[in-house]
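> dropping the sequence and predicted coords here.
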Amino acid sequence: ANPRTRRVAMEMLSKLSLQGGDSCTFFMLDAAFVRKFSGKNLPFFQELRDKFTADEPLVEVALDYADVVKGTHIETTLAVSHRWMQLDDPDPDGEQLKALKGFLNSPNGKKIERVWIDSACMPQDHPKGSRSAEDTASFKGMLKEVNRLYLGTTVLILLDMSYVSRFWTQFESWMSMQYATPSGLKSAVGTENERHHIVCIQNAAAQAESFTKLLVNQWANKTPDEAHAFLSKPDVTVTNQSDKDGQLPKIKALDATVQGAFGDISRSLEDTLVASEAAAARAEAELAAWETENDAKAGEKNRLKVAARQAASAVAAARLAKEEHARAISSSVVPAMMKRAEAALAEDSLSMSDVPELVLQLSGGGDKQKEQAARALGSLAVNSNNNRVAIAEAGGIAPL
């Protein structure tokens, strides 16, 4: 299939918001702040929020299950899975921050814009009893939904010798090795949906290959029921038993959760297509009425002519988004991962000089020509904000 087709469709999918979808807002670190941070280890959330105001290191990101199943944040957001080395200090010697910065500056991490790591992105209660009631409520709200992060972002696993004995770290590593499908979770390991990276630290670094293989073999192919059974065992330890008690029931429900999200996306895409077709029909009727009343053909810059073109392009884009979502599913590829793969193909041969002709095709061509023109304009629009503005001014597809 033409990569430009997929790129415009995936762009539309990435902008699609679920109607009534439940989202959770997380605090995340600006990756640029982490890359240049000169301290030995990252401060806790409250210190970053209250004392680093000039740097503005924290950003808020709303995440729902539509984002998870579409892979909206995989390319730009990193969630870190790590063990707290001490009860009151996750990284006393700075080895975790060193590994994190190394990853962010590597080819695999160069596109990461935001980083989530619990100690710096959730209000901490250190020293004990110091966390405010408001911060405690925020912490609990995010903790309940933390699985969205490990299912819907790129994950960096900082693997030390004791990582494999802890509940949270093993739960996180299992989720990081899965991807969402309409029938539930499946293993992403060895597929183009793979999104976890393992860096061995501390004593595990000396046998990195062995420890990495052990972790992947342990979790890559476990079903939710198998993961639940394993994590329920008493030798999987946790600091706060209430965390384990609260998360275990969610594991079995994850299949149904992602299935529901896929159903919501499909309905939203269909609703968008129906609405855009109705809007296009109204625009065409208004244009026809004007031409009848004035006994003349509308010029290309006529307000109603421009509106009809834009409505036609919206229909074509909605149709393509629906088709590409279905194609991604049938190909067993997370939609955003498909977009990333296609964007890496051969350079686009189109240029902005093609825009006038493409815009004319949107209004005067047949259905197939309109769809092809929408694909091409969508491809150009993805390339830069200036392109999007110029295309909109020419009466083509609105900025995505």
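Perfect, thanks for sending it.
> can we go C-alpha only for contacts and neighbour counts from here?
Fine.
> am I right that Ala120 sits in a helix?
Yes - under DSSP: H, G, I helix; E, B strand; the rest coil, Ala120 falls within a helix.
> can you verify my assumption that it contacts Phe44?
Yes - applying CA atoms under 8 Å, one finds Ala120 in contact with Phe44, separated by 4.6 Å.
> name the element Leu156 belongs to?
For Leu156, the element it lies in under DSSP states H and E is strand 154-159.
> not counting its own residues, what contacts that strand?
73-83, 96, 99-100, 173, 176, 195-201, 204, 211-212 (CA atoms under 8 Å, 6 or more residues apart in numbering).
> so how far is it off the chain centroid?
17 Å (CA atoms, centre = their mean, to the nearest Å).
> report all helices and strands that the following helix or strand past that strand contacts.
With elements assigned by DSSP H and E, the helix or strand that comes after strand 154-159 is helix 167-176. Judged by 3 or more CA pairs under 8 Å, 6 or more residues apart in numbering; DSSP states H and E, helix 167-176 is in contact with strand 77-81, helix 147-152, strand 154-159, helix 224-231.
> circling back to that earlier point, helix 167-176 and the strand holding Leu156, what's the angle between them?
Interaxial angle, strand 154-159 versus helix 167-176 (axes from the mean of the first three to the mean of the last three CA atoms, to 10 degrees): 140 degrees.
> send me strand 154-159 as PDB with only the CA atoms.
This file holds the C-alpha atoms of strand 154-159, laid out as PDB (Å, rounded to 0.1, in the frame of the first residue of the first chain):
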ATOM      1  CA  THR A 154       8.000   2.800  25.200                       C
ATOM      2  CA  VAL A 155       9.300   1.200  28.400                       C
ATOM      3  CA  LEU A 156      12.900   1.300  29.700                       C
ATOM      4  CA  ILE A 157      13.600  -1.600  32.100                       C
ATOM      5  CA  LEU A 158      16.500  -1.000  34.500                       C
ATOM      6  CA  LEU A 159      17.300  -4.500  35.500                       C
END
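> partner strands of it, parallel or antiparallel?
strand 77-81 (parallel), strand 196-200 (parallel) (DSSP bridges).
> most neighbours per residue, which of the ones you listed?
Scoring the strands paired with strand 154-159 by mean neighbour count under mean count of other CA atoms under 10 Å gives strand 77-81 as the most buried, with a mean of 26.
> which residues touch it?
Contacts of strand 77-81 (CA under 8 Å, 6+ apart): 112-118, 149-150, 153-158, 169, 172-173.
> quick one, the helix or strand just after that strand and strand 196-200 angle?
Using DSSP H and E, the helix or strand that follows strand 77-81 in sequence is helix 95-104. Put simply, helix 95-104 runs at 130 degrees to strand 196-200, going by the same axes, to 10 degrees.
> what about the helices in the stretch 201-350 of the chain?
Here the stretch 201-350 of the chain has its helices, by DSSP state H, counting those that start in this stretch, at 208-219, 224-231, 241-294, 303-330, 335-343.
> which one of those lies closest to Ala392?
helix 303-330 (8.4 Å; CA to CA).
> what angle sits between the closest one and helix 241-294?
Using the same axes, to 10 degrees: helix 303-330 against helix 241-294 is 140 degrees.
> helix 303-330 packs against which elements?
helix 3-15, helix 241-294, helix 335-343, helix 355-364, helix 367-383.
> got any ranges where the stretch 301-400 of the chain has weak pLDDT?
Where the stretch 301-400 of the chain drops to pLDDT under 70, the residues are 338-354, 357, 360-372, 379, 382-385, 395-400.
> average pLDDT for whichever strand or helix holds Val59?
Using DSSP H and E, Val59 sits in strand 58-64. Across strand 58-64, the average pLDDT comes to 95.
> what pairs with that strand, parallel or antiparallel?
strand 23-30 (antiparallel).
> dihedrals phi and psi, Ala296?
Dihedral angles of Ala296 (phi, psi; degrees, to the nearest 10) stand at phi -160, psi 150.
> where does it land on pLDDT?
At Ala296, pLDDT is 94.
> which of the strands paired with strand 154-159 sits closest to Val216?
Using CA to CA, those put strand 196-200 closest to Val216, at 9.4 Å.
> report the angle between the closest one and helix 208-219.
140 degrees.
> who touches strand 196-200?
Residues contacting strand 196-200 (CA under 8 Å, 6+ apart): 99, 154-160, 176-177, 205, 208, 211-212.
> from the residues you listed, which is closest to Thr53?
Proximity of the contacts of strand 196-200 to Thr53 was ranked by CA to CA; the top entry is Ala99 with 25.4 Å.
> OK, contacts around that closest one?
Ala99 sits in contact with 158, 199, 201, where contact means CA under 8 Å, 6+ apart.
> dump those residues into CSV; add distance to Glu300 as well.
Formatted as CSV, the contacts of Ala99 follow (distance: CA to CA, whole Å):
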residue, distance to Glu300
Leu158, 59
Val199, 58
Ile201, 63
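> ok, now how distant is Lys140 from Ala328?
Distance, Lys140 to Ala328, by CA to CA, to the nearest Å: 35 Å.
> and the two? which has more neighbours close in?
Ala328 (20 against 13; other CA atoms under 10 Å).
> which residue, other than its chain neighbours, is closest to the more buried one?
The shortest distance from Ala328 to any non-neighbouring residue, by CA to CA, 6 or more residues apart in numbering, is to Pro335 (5.4 Å).
> what about that neighbour, distance to Ala312?
From Pro335 over to Ala312 (counting by CA to CA), the distance is 24 Å.
> low pLDDT regions in the stretch 1-150 of the chain?
Using pLDDT under 70, the flagged stretches of the stretch 1-150 of the chain are 1-21.
> phi first, then psi, for Thr223.
phi -80, psi 170.
> buried set for stretch 263-277?
264-265, 268-270, 272-273, 276-277 (16 or more other CA atoms under 10 Å).
> what does stretch 317-328 give?
317-322, 324-325, 328.
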